[in-house]
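Asker: coords please:
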Amino acid sequence: AVCLTSYQHNRFYEATQLFVEFVPQPQTTKTAALAGVEQRLYATLGRTARLVAARVFARFGTIPRALDSYVAFAKVNVATRLGPAIVEVLGLLRNPRVVPLLAQWLKQQDLNVRYQCIAALGSIGDTSAQKVLLDLLAQATRGRVVTGEQRREAIAVIQALAQASRSLDAERRSNLMGHVIQRLPSQEMEFAIRTALAFLQGPLDGLHPKLLEWAATTATRALWHLERPELAQQAASSPLGFRQPLIDLLARLVPLVLPTIVSVALEQAKSVNGAYLAIAELFTKVPTPEALPLLRQLIFNAVLYDEGAKRSAYQQEMVYDPTSDTLVPLTRDRLLAGLVYAVNKIECEEAQELLSELFEQIRSGKIPQPGRETADILMQAYMARAQKSGSGPFGDRKSVV
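Answerer: Residues are numbered from 1 along each chain as shown. Modelled structure (predicted):
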C-alpha cells in the first residue's frame, strides 16, 4: 500500500530489497549483496512459513494494479544495479503475464539479469514459461561439446524446469521431464545426473515407469565414475562423497525399479572402486533379498581386488574413514566389510547361507584373511546358522579370529 501511494511508486526500491528476502538464495551472491545481507530470510524459515510466504506473494501478483505498477517500475529499473533483485521478485509474484517480458530481457545481452530471468521463469512454471525454457535448453545444448557459459546456462535451465515441475501433477511432470531428456546431449552424463536429481526430489508415485528406469540407470552408472564435480559441493561432508546424493535417490527408487538398479550395477561391477561401498550403503538402508545376487558378485570381485597394484594418483581412489575423519586409500578389507555388513542386514536364509559360505572359504584358506570387522560379522552369521541347524559348536575358529 505504501508503494502504490508513494510518488511514482518510488518505494518499490525498498520493497524490492525486502521482497527478495523471500526468494531462495541464488548461486551467485550479487543479489544478496544488493539486499545487504549474507543470508536471506528464506533460509531461516520453516516449511510452513515458506509455503505461506509463497502464497502471499503469488496472491499479490494476481492483483492487477499491484502487478502493473511493479512491472512498470521493473521496466524502468531493470538495467540498474537493482535489476537482478527486481527480476527475482517478478518470479516470486508468479504471474504468467510477465513471461513475455522475461523472454524479451533474455534476448538483451546488455542486461545483467539472464540467470535471474531463467530462475524466475522456473518459479512461474506455466506452459508459456516452460516453452521458453525448453527452447533455451535446446539452444544451449546444441553442438557435440557444451562448455563454458553455454554449459552453465544449460544447467541453470534444467534446475528451472525442475522447479516448474514441482507444482504439476504426475502426468504433466512426467511429460516435462521427458521433454528435457530429449534435449540432453547423449554423451553428457552431468546433464543427465542433474536432471534425475532435480526432477525426482518430490513424490515418485504416478511418474512414468520409463522415466524412473532412466533415472535409475543414470544414477547407478554415475556411481562408477571416479569424480563428479557437479555433486561434490552438496556432498562435501558426506561419508560417500559425491555418491551420496545418488544413493539417496536410488534408495527411493529401489521399491519401484530394483531390477534395473541390479542389472546396471552388475554391468559396471567389473570396475572395482568406491561404488562398491555406495552399493553396500544402499542395501544397508534398503535391505532386500533381491539384491543378494549383486552383493554376491561384488563380494567375489572384492576378494580378487589387487590392492597392491600400482595406480596413478588419479586411479587411487580415496574414501572417507569415520574413525579418523580423514580420507584413506580404498582397500580390500574396506570393500568386504561394507558388503558383508549389507548382506547381514538382509534377514533371510539365503543371506545367511552366503555369509556362512564365505566364512567356510576363509577357514579353508581359499579366500585371504579379512579384517577384524568383517571377520566378526562372518563368525556371528556362521554361529547363528550352526545353532539354527542344531549342529552345535564348530571346530577350529582360529583362522578367522
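Asker: Tell me which helix or strand comes right after the helix-or-strand element of the chain with minimal mean pLDDT.
Answerer: One helix or strand of the chain scores below all others by mean pLDDT, DSSP states H and E: helix 30-35, with a mean of 46. On the C-terminal side of helix 30-35, the closest following helix or strand by DSSP states H and E is helix 47-61.
Asker: Just the CA coordinates for that next one, please, in CSV.
Answerer: Provided in CSV are the C-alpha atoms of helix 47-61 (Å, rounded to 0.1, in the frame of the first residue of the first chain):
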residue,chain,number,x,y,z
ARG,A,47,8.4,-25.3,5.6
THR,A,48,5.0,-23.8,6.6
ALA,A,49,6.4,-20.3,6.7
ARG,A,50,7.9,-20.7,3.3
LEU,A,51,4.6,-22.0,1.9
VAL,A,52,2.6,-19.1,3.5
ALA,A,53,5.1,-16.6,2.1
ALA,A,54,4.9,-18.1,-1.4
ARG,A,55,1.2,-18.0,-1.4
VAL,A,56,1.0,-14.4,-0.1
PHE,A,57,3.4,-13.1,-2.9
ALA,A,58,1.6,-15.2,-5.5
ARG,A,59,-1.7,-13.6,-4.4
PHE,A,60,-0.1,-10.2,-4.6
GLY,A,61,0.9,-11.0,-8.2
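Asker: From what I see, V272 and N301 are in contact.
Answerer: Yes. At 5.6 Å, V272 and N301 qualify as touching, with contact defined as CB atoms under 8 Å. Using the backbone N, CA and C atoms, a C-beta is placed for each residue, glycine as well.
Asker: so what's F19 closest to, chain neighbours aside?
Answerer: V89 (4.6 Å; CB to CB, 6 or more residues apart in numbering).
Asker: What count of nearby residues applies to the one you found?
Answerer: Counted with other CB atoms under 10 Å, residues neighbouring V89 total 28.
Asker: Who are the contact partners of it?
Answerer: The contact partners of V89, by CB atoms under 8 Å, 6 or more residues apart in numbering, come to T16, F19, V20, V23, Y70, A74.
Asker: Quick check: of these, which lies closest to E357?
Answerer: The closest of the contacts of V89 to E357 turns out to be V23 (CB to CB; 57.3 Å).
Asker: The closest one and G91 touch, don't they?
Answerer: Yes. The pair V23 and G91 passes the contact test of CB under 8 Å, sitting 7.1 Å apart.
Asker: Over to the residue nearest to F19: give its phi and psi.
Answerer: Main-chain torsions, V89, degrees, to the nearest 10: phi -70, psi -40.
Asker: Against A129, how distant is it?
Answerer: To A129, V89 is 16 Å away according to CB to CB, to the nearest Å.
Asker: same question, P24
Answerer: In terms of CB to CB, P24 sits 17 Å off from A129.
Asker: Neighbour count for the two, which is higher?
Answerer: A129 (24 against 13).
Asker: so where do the helices sit in the stretch 201-350 of the chain?
Answerer: 209-223, 229-232, 244-268, 275-285, 292-303, 332-345, 349-363 (DSSP state H, counting those that start in this stretch).
Asker: Which positions within the first one qualify as buried?
Answerer: Neighbour-count burial for helix 209-223 flags 211-223 (criterion: 16 or more other CB atoms under 10 Å).
Asker: Can you tell me what sits against that helix?
Answerer: Contacts with helix 209-223, where a contact means CB under 8 Å, 6+ apart, come from 174, 177-178, 181, 189, 192-193, 195-197, 199-200, 204, 228, 243, 246-247, 249-250, 253, 256-257, 260-261, 264-265, 268, 275, 278-279.
Asker: Can you select the buried ones among those for me in ChimeraX?
Answerer: Remark: buried members of the contacts of helix 209-223, expressed as a ChimeraX selection using 16+ other CB under 10 Å:
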select :174,177,181,189,192,193,195,196,197,199,200,204,228,243,246,247,249,250,253,256,257,260,261,264,265,268,275,278,279
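Asker: What are the buried residues along stretch 40-58?
Answerer: Buried residues in stretch 40-58, counted by 16+ other CB under 10 Å: R40, Y42, A53, A54, F57.
Asker: quick one: pLDDT of M318?
Answerer: M318 is assigned a pLDDT of 66 by the prediction.
Asker: just to revisit the earlier point, what about the residue nearest to F19, distance to F73?
Answerer: 10 Å.
Asker: so L176 touches A164, yeah?
Answerer: Yes. Contact status for L176 versus A164: in contact at 6.9 Å, counting by CB under 8 Å.
Asker: Sounds good, over and out.
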